[in-house]
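Undergrad: sequence isn't available, so here's the structure alone:
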């Protein structure tokens with residue numbers, strides 16, 4: 001992707017000073033963990049790049065070594081007319097699901113591939129050839145992704161299609177939505193459909209409470225998710241921005257028969273919180 005972008009610039013290459021960001025977090029619960037994320041963004045000619053690395057260490061349980069993913073995100077983007085062309089490994093931000101404890105989104109995390117994205121006011125579209133649709137599964141699940149988003153009536157609705165090989169079934173399709181059921185007080189969101197693994201049923205339903213943010217500056221999400229063959233989970237999360245760069249969270253999660261209570265803190269530096277690379281849902 002970078003080579004193609006540089007060739008398109010026909011030798012007119014300028015390098016911007018990179019922007020750096022970092023995020024450190026800790027969670028007291030079960031499991032408990034500490035970790036961090038680093039990010040670098042910049043321009044090479046007319047090509048935007050984003051690089052991200054993550055590290056995580058469990059603080060209880062038998063597995064306590066650090067795990068790291070240096071290439072968590074490594075993507076090149078370039079604007080061509082009304083289209084954005086991209087290639088690399090990127091996050092999947094195409095739906096409203098917040099917790100996703102049992103992978104109840106069509107793509108739960110990241111994917112590697114190359115494609116195009118456009119935003120035409122009420123409509124947004126992304127289409128991609130996918131090299132690997134699941135970073136947690138051994139081997140590459142290759143195929144194609146299509147995602148269409150429509151914004152109207154005070155909310156957002158999206159249709160997402162994923163066709164991949166390397167897994168039984170391989171046909172995924174979900175519908176996602178986010179709408180205010182009582183403006184400025186209660187929003188409902190979710191994603192329902194079938195996953196690529198044996199056409200497994202996926203469903204997530206959630207509530208967000210803008211009224212609590214207006215009164216107390218606290219974001220509160222209540223979410224239920226189910227992935228056929230994996231499990232189901234309920235979560236209640238409260239988020240309070242204590243300073244510009246520090247966020248506190250409190251959790252109640254019920255995953256199958258396990259009840260988990262916890263608190264977390266997230267500390268950010270630099271430009272990390274400003275990135276919208278790959279975002280359709282906004």
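TA: Received, thanks. Not measured: the values here are computed from a predicted model.

Undergrad: tell me where the stretch 1-150 of the chain has helices.
TA: Along the stretch 1-150 of the chain, the segments classed as helices by DSSP state H, counting those that start in this stretch run 2-8.

Undergrad: what about it, any weak spots by pLDDT?
TA: 61-64, 108, 135-137 (pLDDT under 70).

Undergrad: tell me, how many residues neighbour the closest residue in space to residue 154 that isn't next to it in sequence?
TA: If the residues on either side of it in the chain are set aside, residue 154 comes closest to residue 180, at 5.5 Å by CB to CB, 6 or more residues apart in numbering. (C-beta placed from N, C-alpha, C; glycine too.) Residues lying near residue 180 (other CB atoms under 10 Å) number 15.

Undergrad: identify the bridge partners of residue 180.
TA: Beta-bridge pairing for residue 180 (DSSP bridges): residue 187.

Undergrad: and residue 204, by the same measure?
TA: residue 191, residue 225.

Undergrad: right, and it touches residue 106 too?
TA: No: using CB atoms under 8 Å, residue 204 makes no contact with residue 106, being 10.6 Å away.

Undergrad: so what sits against both of the two?
TA: Here residue 204 and residue 106 share the contacting residues residue 191, scored by CB atoms under 8 Å, 6 or more residues apart in numbering.

Undergrad: re earlier: roughly how far does the residue nearest to residue 154 sit from residue 30?
TA: 35 Å (CB to CB, to the nearest Å).

Undergrad: flag every buried residue along stretch 127-145.
TA: 128, 130, 131, 132, 133, 134, 141, 142, 143, 145 (16 or more other CB atoms under 10 Å).

Undergrad: over to stretch 173-182?
TA: Buried residues in stretch 173-182, counted by 16+ other CB under 10 Å: 173, 174, 176, 177, 178.

Undergrad: name the helix or strand for the fourth one, please.
TA: So that's residue 177. Here residue 177, judged by DSSP states H and E, is contained in strand 171-182.

Undergrad: does anything pack onto that strand? Which helices or strands?
TA: When contacts are defined as 3 or more CB pairs under 8 Å, 6 or more residues apart in numbering; DSSP states H and E, strand 171-182 packs onto strand 155-164, strand 186-194.

Undergrad: with mean neighbour count, mean pLDDT and distance to residue 48 added, can I get those in CSV?
TA: Shown next, in CSV, are the helices and strands packed on strand 171-182 (neighbours: other CB atoms under 10 Å; pLDDT from 0 to 100; distance: least, CB to CB, whole Å):
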stretch, mean neighbour count, mean pLDDT, distance to residue 48
strand 155-164, 20, 94, 24
strand 186-194, 19, 96, 28
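
Undergrad: give me the contacts around the lengthiest strand in the chain.
TA: Looking across the chain with DSSP state E, the single longest strand is strand 66-80. Here strand 66-80 makes contact (CB under 8 Å, 6+ apart) with 1-2, 5, 8, 37, 39, 46-57, 84-91, 110, 135, 277-278.

Undergrad: quick one on the thing from earlier: just the closest of the buried residues of stretch 173-182 to residue 199, please.
TA: Nearest to residue 199 among the buried residues of stretch 173-182, counting by CB to CB, is residue 173 at 9.3 Å.

Undergrad: please name the bridge partners of the closest one.
TA: Beta bridges link residue 173 to residue 161, residue 194 when assigned by DSSP bridges.

Undergrad: what residues are up against it?
TA: 106, 159, 160, 161, 162, 193, 194.

Undergrad: rewinding a little: against residue 144, how distant is the residue nearest to residue 154?
TA: For residue 180, the distance to residue 144 - CB to CB - is 33 Å.

Undergrad: quick one on the thing from earlier: ok, the residue nearest to residue 154 touching residue 156?
TA: No: contact criterion CB under 8 Å: residue 180 and residue 156 do not qualify, at 10.8 Å.

Undergrad: tabulate the buried residues of stretch 173-182 (CSV), appending distance to residue 218 and pLDDT.
TA: Output for the buried residues of stretch 173-182, formatted as CSV (distance: CB to CB, whole Å; pLDDT from 0 to 100):
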residue, distance to residue 218, pLDDT
173, 35, 95
174, 29, 96
176, 25, 95
177, 24, 96
178, 19, 96
